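Student: model the following, please.
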Amino acid sequence: MASIREIAKLAGVSPATVSRVLNADETMSVKAATRSRIIQVANQLNYHKVSSLGVKSPKQANLLSIALIKTHASKGESDDPYFRLIREGIKREADIWSFRLEILKLGDIRLDQLGNFGAVIVVGVLTDSALSQLYDVNPNLIVVDHYFASSRYDLVHHDFAKQTLAVLDYLYEQNHRQIAFIGGDIEVVDLNGDKQDVLSDVRTIAYKNWMTLHGLSDHCQVRTGNWTMGFGLAATNDLLEQSKEMLPTAIVSASDPMSIGIYRALQLKSIPIPKALSVFSFDDIEMASYMSPPLSTVQIDSLEIGRVAVRLAKERMIDGRKSALRVEVASNLILRESVRKND
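Tutor: Below you'll find the model as predicted:
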């Protein structure tokens, strides 16, 4: 059975207020909406000190549970901490609110069971059809890291497009004009985990638009593939091979793990960073500050992305919010020694 403190935390009131409401203290003045919220939370948590609170149904038993659906493989979490930290943020916030968290595997999802959860969180990019199916059985749907999802769902994402422009503006101020971009593609999968489409990442789109707006289309060089160190190395080698006569003076990388591959490719060809070529990246993984030279990057708070997703789920489950929200979590530019002013 839940404690008074747990109910107070979820209802957003003091433990004293919860105690007096549940004990039917007639001397206490409290708004009807607050009283109703406290009783609703108490029912959901199976608090039955006061018999008049009613009997908890089997469906209510699951109202404070969250189904987590990941579109990426678990192996990707070990190779790139971005998704691992989002999942960790989800878990930490769920623990704070005493929500049961269940991870569902693509291919094993039964739509008829999703309605028994208080909310569903999807991390990654599902097809429009798949999201619609999930929403039909559970409208408390929170989508994480999918910029192009319908606005009828709660959406949580980083400000990657804005920060790409900020990085490019900074490089421009440092007299860089021949700026290349190495990024990743976004796989769109169905509920079975099968790839149905590929989308351009918002950083890739922002780069192309920025280069066009600044009259630098002739210097636009893009390489996209998977989000690995190996691709970063291969893409850099291809970039250098295709632009022997006029090498870029800077490379923007969409992730730090890919930047490790970029560093390796440049080192193997004895191209010094940043003397001959500057590198600016995204993520700010722990290794970034220890690379040689330390990597300039966009610091991303992936833990907060996960936390926000659970808070949105709480508002749906406990507070009864119906309107969909889009939340953008800000990131920060971290300037280190991998970028220098171009002569």
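
Student: quick one: the closest residue to Trp97 other than its chain neighbours from Trp210, how far?
Tutor: Distances taken as CB to CB, 6 or more residues apart in numbering put Lys314 closest to Trp97, at 5.8 Å, once the chain neighbours are dropped. The way it works is simple: take the backbone N, C-alpha and C, and place the C-beta from them, glycine included. Note on Lys314: its distance to Trp210, by CB to CB, to the nearest Å, is 37 Å.

Student: quick one: the helices in this protein?
Tutor: Using DSSP state H, the helices of the chain run over 4-11, 15-22, 32-44, 58-61, 74-79, 81-96, 111-114, 128-137, 160-173, 202-213, 229-242, 256-268, 302-314.

Student: mean pLDDT for these: which is lowest?
Tutor: Among the helices of the chain, helix 58-61 carries the lowest mean pLDDT, at a mean of 44.

Student: about what we covered before: ranking the helices of the chain by burial, who's on top?
Tutor: Among the helices of the chain, ranked by average contacts under mean count of other CB atoms under 10 Å, first place goes to helix 302-314 (a mean of 23).

Student: tilt between it and helix 81-96?
Tutor: For helix 302-314 against helix 81-96, the angle by axes from the mean of the first three to the mean of the last three CA atoms, to 10 degrees is 40 degrees.

Student: what does helix 302-314 contact?
Tutor: Contacts with helix 302-314, where a contact means CB atoms under 8 Å, 6 or more residues apart in numbering, come from 10, 66, 81-83, 85-94, 97, 99, 118-119, 121, 123, 140, 142, 144-145, 154, 156-158, 325, 327, 329.

Student: quick check, Ile4 in contact with Ser19.
Tutor: Yes - shown here, Ile4 and Ser19 form a contact pair, counting by CB atoms under 8 Å, at 5.5 Å.

Student: now tabulate the helices of the chain in JSON lines and tack on distance to Ser150.
Tutor: Output for the helices of the chain, formatted as JSON lines (distance: least, CB to CB, whole Å):
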{"stretch": "helix 4-11", "distance to Ser150": "29"}
{"stretch": "helix 15-22", "distance to Ser150": "37"}
{"stretch": "helix 32-44", "distance to Ser150": "28"}
{"stretch": "helix 58-61", "distance to Ser150": "27"}
{"stretch": "helix 74-79", "distance to Ser150": "25"}
{"stretch": "helix 81-96", "distance to Ser150": "21"}
{"stretch": "helix 111-114", "distance to Ser150": "18"}
{"stretch": "helix 128-137", "distance to Ser150": "7"}
{"stretch": "helix 160-173", "distance to Ser150": "18"}
{"stretch": "helix 202-213", "distance to Ser150": "16"}
{"stretch": "helix 229-242", "distance to Ser150": "30"}
{"stretch": "helix 256-268", "distance to Ser150": "30"}
{"stretch": "helix 302-314", "distance to Ser150": "15"}
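
Student: figure out which of the ones you listed is closest to Glu187.
Tutor: helix 74-79 (10.7 Å; CB to CB).

Student: for this protein, longest strand please?
Tutor: Determined from DSSP state E, the single longest strand within the chain is strand 179-189.

Student: so which elements touch that strand?
Tutor: When contacts are defined as 3 or more CB pairs under 8 Å, 6 or more residues apart in numbering; DSSP states H and E, strand 179-189 packs onto strand 195-200, helix 202-213, strand 221-225, helix 229-242, strand 250-253, helix 256-268.

Student: so the second one versus strand 195-200, what angle?
Tutor: It refers to helix 202-213. 40 degrees.

Student: centre of the chain to helix 202-213, how far?
Tutor: With CA atoms, centre = their mean, to the nearest Å as the basis, helix 202-213 stands 21 Å off its chain's centre.

Student: what do you get for the last one?
Tutor: On the basis of CA atoms, centre = their mean, the separation between the geometric centre of helix 256-268 and that of its chain is 25 Å.

Student: need the contact partners of it.
Tutor: Residues from elsewhere that reach helix 256-268 (CB under 8 Å, 6+ apart): 79-80, 182-184, 227-237, 240, 251, 253, 272-273, 277, 279, 281-285, 287-288, 291, 295, 297.

Student: output that helix as PDB, nothing but the C-alphas.
Tutor: Extracted C-alpha coordinates of helix 256-268, given in PDB (Å, rounded to 0.1, in the frame of the first residue of the first chain):
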ATOM      1  CA  ASP A 256      31.100  12.200 -30.900                       C
ATOM      2  CA  PRO A 257      31.500   8.500 -31.700                       C
ATOM      3  CA  MET A 258      31.700   9.300 -35.400                       C
ATOM      4  CA  SER A 259      34.200  12.000 -34.600                       C
ATOM      5  CA  ILE A 260      36.500   9.400 -33.100                       C
ATOM      6  CA  GLY A 261      36.600   7.800 -36.500                       C
ATOM      7  CA  ILE A 262      37.100  11.200 -38.100                       C
ATOM      8  CA  TYR A 263      40.100  11.800 -35.900                       C
ATOM      9  CA  ARG A 264      41.600   8.400 -36.700                       C
ATOM     10  CA  ALA A 265      41.200   9.000 -40.500                       C
ATOM     11  CA  LEU A 266      42.900  12.400 -40.300                       C
ATOM     12  CA  GLN A 267      45.700  11.100 -38.100                       C
ATOM     13  CA  LEU A 268      46.400   8.200 -40.500                       C
END
